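Here's my sequence, what's the structure:
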Amino acid sequence: MKKKVSIVIPAFNEEENIRPVTEAVIREIEENLPEYNYEVLIIDNNSQDQTRAIIRELCHENKKVKAILNEKNFGPDNSPYYGLLQATGDCAILFCADFQDPLEMIHKLVREWEKGYTVVTAVKTESQENKLVRFFRTIYYRLIKKISNTEIIEHFTGFGCYDQSFLQILRGLDDSVPFLRGVVAEFAGNRSSIEYQQLKRRAGKSHIRFFTLYDMAMRSFTSYTKIGLRLASFLGYIVAAGSFVIAIIYLIRKLLYWDEFGFGIPVILIGMFFLGAVQMIFLGFMGEYIITINQRTMHRPLVVEHERINFDVEDENEENG
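Okay, here's the model as predicted:
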């Protein structure tokens, strides 16, 4: 029986890209991985354009194209992660619908996986994205890498090849707030990396906005670092010690120069505003940790499915095997 590779393609409002990328992925597998059976699993995050209609057409034309249509938009982290968990291949590759991931990386990732690696990560060395965006991404990755308890992989977005044994680990985590990049860094010890240049989107616009990126950044911050709470504690000790010393100095000077030395209202106001700002910042940090804890303890599903297509259809190779 042939081994099978699963290609998981998350989609949201990709009517211009979803057919071309699905057909291109199938051609890539048939030409460069002819010894493999395959499935293309598209997970749609409640697209509001013609993406779903096109997905249904693709599934009707080729039974090896499967689809999960989500009840609503569950975000750019949950949906791809859930799609990976549904993959049935010996290995699974998470692939973008917008052609930013080079097609030739598919067979390169599989060939590397064949060497016995559990996970093969695709790491961006160059990108055709906005230079300023890439600069801030680099700063973010390096900052998280320095303060994290786990060695976070720089410029790894989730694009890579995952062995079925690693997918089984993901299924056992039961994490309702998954951060795939962190999970890979934490649990994939037998890991290899392949470098690549990220391309521009073929068509359409990115649907990831500032607050989505902020949520992703804070998820990595609260999941893999203690620095926020530790800073609050240490700065609290420092400010308390400094305030105590200043208070003693003011008291001594007032006792020595009772009529000449005033406490100074501006100094008191500045101190109050400073302490208030510090408290607000660290209350915000604590709130982010509490939000993450709350989401995890509720044990809500990653996504709610509206419809599955072609999951009840067995591949011919499997029937013959």
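
Can you tell me the SS state at Gly160?
strand (DSSP: H, G, I helix; E, B strand; the rest coil).

OK, contacts around it?
By CB atoms under 8 Å, 6 or more residues apart in numbering, the contact set of Gly160 is 93-94, 109, 119-122, 184. For glycine as for every other residue, the C-beta is placed from the backbone atoms N, C-alpha and C.

can you tell me which of those are in helices?
Cross-referencing these against helices under DSSP state H gives 109, 184.

Turn the contacts of Gly160 into CSV, columns for neighbour count, distance to Leu199 and pLDDT.
Output for these, formatted as CSV (neighbours: other CB atoms under 10 Å; distance: CB to CB, whole Å; pLDDT from 0 to 100):
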residue, neighbour count, distance to Leu199, pLDDT
Ile93, 27, 16, 96
Leu94, 23, 16, 95
Leu109, 27, 16, 96
Val119, 26, 23, 96
Val120, 25, 19, 96
Thr121, 25, 18, 95
Ala122, 25, 12, 93
Val184, 22, 22, 89
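
Nearest to Arg52 among the contacts of Gly160?
Leu94 (20.4 Å; CB to CB).

Out of the contacts of Gly160, the closest to Phe156 would be?
Nearest member of the contacts of Gly160 to Phe156, counting by CB to CB, is Thr121, at 5.0 Å.

can you tell me which residues contact the closest one?
153, 156, 159-160, 184, 188, 191-194.

Mind giving me the ChimeraX select for these, buried ones only?
A single ChimeraX command selects the buried members of these (16 or more other CB atoms under 10 Å):
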select :153,156,159,160,184,188,191,192,194
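
and the least confident of the contacts of Thr121?
Within the contacts of Thr121, pLDDT reaches its minimum at Ile153, with 79.

helix/strand/coil for that residue?
coil.

pLDDT score assigned to the closest residue to it other than its chain neighbours?
With sequence-adjacent residues excluded and distances taken as CB to CB, 6 or more residues apart in numbering, Ile153 is closest to Ala185, at 5.3 Å. Predicted confidence (pLDDT) for Ala185: 84.

Ala185 and Phe179 touch, don't they?
No. Counting by CB atoms under 8 Å, Ala185 stays clear of Phe179, with 9.6 Å between them.

Would you mind confirming that Arg300 is in contact with Ser176?
Yes. When contacts are counted by CB under 8 Å, Arg300 is listed as touching Ser176 (5.1 Å).

Tell me which stretches of this structure form strands.
Secondary structure of the chain, counting by DSSP state E: strands at 4-11, 37-44, 65-70, 91-94, 119-127, 156-163, 191-198, 305-309.

Let me see the mean pLDDT of the third one.
To tie it back to what came earlier, the one meant is strand 65-70. On average, strand 65-70 scores 96.

hang on, the earlier thing: turn the strands of the chain into TSV, columns for distance to Tyr237.
Formatted as TSV, the strands of the chain follow (distance: least, CB to CB, whole Å):
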stretch	distance to Tyr237
strand 4-11	45
strand 37-44	48
strand 65-70	47
strand 91-94	44
strand 119-127	39
strand 156-163	36
strand 191-198	39
strand 305-309	50
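
Could you point out which of those sits nearest Pro102?
strand 191-198 (5.8 Å).
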